[in-house]
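> let's see this in three dimensions:
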Amino acid sequence: MGMPVTLALRGRHTTDAVADQAWVTVVDSLRQADRIFSTYRDDSDVSRINRGTLSLDDASPVVREVLALGAEAAVASGGAFDVWRIDAEGVTSLDPSGVVKGWAVDRAATRLRELDDTDFCLSAGGDMVCRTVVPGAGPWRIGLENPHDSTQLLGLVPIADGAVATSGTLHRGQHLVDARTGRPPSGIASVTVVTSSLTWADIDATAAYAHGMGAGSWLEGRPDRTALVVWQDGTTTAVRTPPEDRAARPPKYVLPRPR
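Residues are numbered from 1 along each chain as shown. Next comes the predicted model:
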C-alpha cells in the first residue's frame, strides 16, 4: 500500500506460530485491499473504474462498501471530503484513498482480535488500531509527531481499545485538498483524531484538515472524538466530544451513483 506496516503484540501469542499466522493473514488482507483500491496499479478495480472498463456493479463488493462510507463522509463534512474528484478539465475520477487506509487496517485487524489473551497495536503509515486485554497491561502509548519538526513529539496518547489517525503534509507533501474548492486548505499543519474505529479516525482527520481554519469547530460536532489540531503557526487546539447519541443517528446511507 506504499507505506510501512508494523505490528506489536504482547501477551499469550507474540512469537509463536499462531502469531506468525495472524501476521500473514493481516498482510494478505492489506495486499488484497491494495489490489482492489490502488490508484497506482493499472489492474486495480479503482483504476479500471476510472478508465471506464469496469462498472461499479461488476467491481468487488467491497468497493461499494467503501464508496458508501465515502458518501457518508462527504455529507458529514459538508463536501470538504469526497472520494470523487473533478480535475481542471471537468473529468470525474474515483480516489478512495481517504477512506481505504483506515478501513483496510480495521478489516485486517479482525484476525488479531481473535487472538486469545493478546494485546496488539497495528500501524500503517503511522495510523494505528490498538487493543488491550491482558490483565495488568497498561494501554498502548502513542506518540504524536510535531508536524513542524519530526524529531519532536507533542505528547503521548494512551489507547486501550481504539484508534488514532493523523492527516498532514509532513511526510507526503501537499496532497490534501478541500473537495469543495479543489485547493489545499490554509493555516493548518496537521489533525490527529482518536476514536473507536480507525476507519472514522482516518476519515475525520482528513476531513478536518480539509476544513482548514474551520477544523476545530467542525470536529466539535463529531461525536465520541478526541482530537488535536496543530496550526501552521505552531499553536494547537484540543477537542473532546461526548459519546454519540445512537438514537439520534441518521438513517443508513443509500450509495449515490458517480456524478
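> which stretch of helix or strand covers Arg64?
helix 61-76 (DSSP states H and E).
> tell me the average confidence for stretch 22-39?
Taken as a whole, stretch 22-39 carries a mean pLDDT of 96.
> by contact count, what packs against the very next helix or strand once past the helix holding Arg64?
Where DSSP H and E defines the elements, the next helix or strand beyond helix 61-76 is strand 84-86. Strand 84-86 sits against strand 92-94, with contacts defined as 3 or more C-beta pairs under 8 Å, 6 or more residues apart in numbering; DSSP states H and E. Quick note: C-beta positions are derived from backbone N, CA and C, even for glycine.
> what strands line up against the strand it packs on, and which way round?
Strand 92-94 sits in its sheet next to strand 84-86 (antiparallel), going by DSSP bridges.
> buried sites along the partner strand?
The neighbour-count check on strand 84-86 (16 or more other C-beta atoms under 10 Å) flags Trp84 as buried.
> for that strand, the distance to its chain's centre please.
Chain-centre distance of strand 84-86: 19 Å, with C-alpha atoms, centre = their mean, to the nearest Å.
> the helix or strand hosting Thr206 vs helix 61-76, what angle?
Following DSSP H and E, the helix or strand that holds Thr206 is helix 198-210. Between the axes of helix 198-210 and helix 61-76, defined by axes from the mean of the first three to the mean of the last three C-alpha atoms, to 10 degrees, the angle is 40 degrees.
> CA atoms of helix 198-210 as PDB?
Provided in PDB are the C-alpha atoms of helix 198-210 (Å, rounded to 0.1, in the frame of the first residue of the first chain):
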ATOM      1  CA  LEU A 198      -9.600   3.600  12.500                       C
ATOM      2  CA  THR A 199     -11.900   3.900   9.500                       C
ATOM      3  CA  TRP A 200     -13.500   7.000  11.000                       C
ATOM      4  CA  ALA A 201     -10.400   8.300  12.800                       C
ATOM      5  CA  ASP A 202      -8.700   8.500   9.400                       C
ATOM      6  CA  ILE A 203     -11.700   9.900   7.600                       C
ATOM      7  CA  ASP A 204     -12.300  12.600  10.200                       C
ATOM      8  CA  ALA A 205      -8.700  13.600  10.400                       C
ATOM      9  CA  THR A 206      -8.600  14.100   6.600                       C
ATOM     10  CA  ALA A 207     -12.000  15.900   6.600                       C
ATOM     11  CA  ALA A 208     -11.000  18.200   9.400                       C
ATOM     12  CA  TYR A 209      -7.700  19.000   7.700                       C
ATOM     13  CA  ALA A 210      -9.700  19.900   4.500                       C
END
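> no further queries at this time; thank you.
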